[in-house]
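A.B. asks: no sequence for this one, just the structure:
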């Protein structure tokens, strides 16, 4: 880069003035998103957390945001002198810091009562707010840090204290995410200041910003990759490395819409590992985890079509979604799963057959007797599974409109 003369005091003052005005202009657009995201979170958590805590937190966030929006709008209605820049900057930073503290306090209060899925949702909200504020606060690094650190440090601390593998991975990802934001914003703030210096004193040197922008775009690309990795983790089961229940529910709703639109059948297979509590009591939870991983692998290998979908539903339960599959075909797939687990010959001394077995329940819907919604399909499959377990386990049952049929006897294929 060409050697630049030291900017004059007037240029420094003008650049600082532009930095402050940029914060206020960006704040007018961005502050309202704090209220919007807070309302969305409270609506999601309404039946999970105490409403009084949610309402108190939401009111606090709303009051802080309204106060900031009022102050910002009134400040922009008229110009102010350079001598007022420092006081304006201090006022804006105070509002930003209080907002970040409210977000971080909300996570610290609510996260102990939330399950993993809801905790990840809160973390993604904090990450999204941090990334979203990047552009509106690009002119001043310290202001940006006053916003994101009170939000992300409690999340990092609480996640690190959980002690499990998923929490450790999330902690590392959050730390990397915070560092990436900090490094990127340092470069962005410097780019902003340099741009106005060039504009005020060196208009002919604007081309020098191209390299800085390329570097910033590269860092932003890394941020996007980090966010995508966080999203992938939230949709995958930590133990078995197959899709989790949250991922399954998304796919299920899409497949039901497609089945209605294309008038094709759709089947679901609910699967439960027989006497798994006894297995854990006999062999220990570490061996139980290995068993679940092996079962997930075997079940996944039995699904032969790319559109078939397997997920861990929870505990020792799995679920398979079979698009464009009627009940007869679903019975064949479910029986193939049962036999595959039986043939895997995983030792289970507390089972009468001496090996691990599974029970399965099937529900199907078609253009003729289609399911009204995803609740119906899952409920019918679960009812069929219960029937299999009540009739001795190691078998497949299917829900056939108003009747439940048991197509096999233990240890034999339903095709016999």
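C.D. replies: Sure thing, it's come through. Nothing here was measured: the structure is a model prediction, and the numbers come from that model. Numbering: from 1, shown residues only.
A.B. asks: all helices of the stretch 101-250 of the chain, in order?
C.D. replies: 116-136, 141-160, 165-201, 209-234, 245-262 (DSSP state H, counting those that start in this stretch).
A.B. asks: want to throw those helices into TSV with mean pLDDT?
C.D. replies: Listed next are the helices of the stretch 101-250 of the chain as TSV, based on pLDDT from 0 to 100:
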stretch	mean pLDDT
helix 116-136	85
helix 141-160	87
helix 165-201	77
helix 209-234	71
helix 245-262	90
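A.B. asks: among these, which is the most enclosed?
C.D. replies: Of the helices of the stretch 101-250 of the chain, the one with the most neighbours on average (mean count of other CB atoms under 10 Å) is helix 141-160, at a mean of 20. In short, each C-beta sits where N, CA and C put it, glycine included.
A.B. asks: now that helix against helix 165-201, angle please.
C.D. replies: Inter-element angle recorded for helix 141-160 and helix 165-201: 180 degrees (by axes from the mean of the first three to the mean of the last three CA atoms, to 10 degrees).
A.B. asks: which neighbouring elements make contact with helix 141-160?
C.D. replies: Contacts defined by 3 or more CB pairs under 8 Å, 6 or more residues apart in numbering; DSSP states H and E place helix 141-160 against helix 85-110, helix 116-136, helix 165-201.
A.B. asks: make JSON lines out of the ones you listed and add distance to residue 34.
C.D. replies: Formatted as JSON lines, those follow (distance: least, CB to CB, whole Å):
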{"stretch": "helix 85-110", "distance to residue 34": "6"}
{"stretch": "helix 116-136", "distance to residue 34": "7"}
{"stretch": "helix 165-201", "distance to residue 34": "17"}
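A.B. asks: returning to that earlier point: residue 363: which of the helices of the stretch 101-250 of the chain is closest?
C.D. replies: helix 245-262 (11.7 Å; CB to CB).
A.B. asks: before we move on, the earlier item: of the helices and strands packed on helix 141-160, which is nearest residue 239?
C.D. replies: helix 165-201 (8.9 Å).
A.B. asks: where does the stretch 301-416 of the chain have low pLDDT?
C.D. replies: By pLDDT under 70, the weakly predicted segments of the stretch 301-416 of the chain are 367-372, 400-416.
A.B. asks: of all the helices and strands packed on helix 141-160, which one comes closest to residue 320?
C.D. replies: Taking the helices and strands packed on helix 141-160 one by one with CB to CB, helix 116-136 is closest: 20.9 Å.
A.B. asks: give me the angle between that closest one and helix 141-160.
C.D. replies: 170 degrees.
A.B. asks: any idea how far helix 116-136 is from the chain center?
C.D. replies: Relative to the chain's own centre, helix 116-136 is displaced by 9 Å; criterion: CA atoms, centre = their mean, to the nearest Å.
A.B. asks: show me what that helix is packed up against.
C.D. replies: Going by 3+ CB pairs under 8 Å, 6+ apart, helix 116-136 lies up against helix 9-30, helix 32-45, helix 85-110, helix 141-160, helix 165-201, helix 209-234.
A.B. asks: as CSV, the ones you listed with distance to residue 363 would be great.
C.D. replies: CSV is the format used below for these (distance: least, CB to CB, whole Å):
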stretch, distance to residue 363
helix 9-30, 47
helix 32-45, 28
helix 85-110, 36
helix 141-160, 38
helix 165-201, 31
helix 209-234, 27
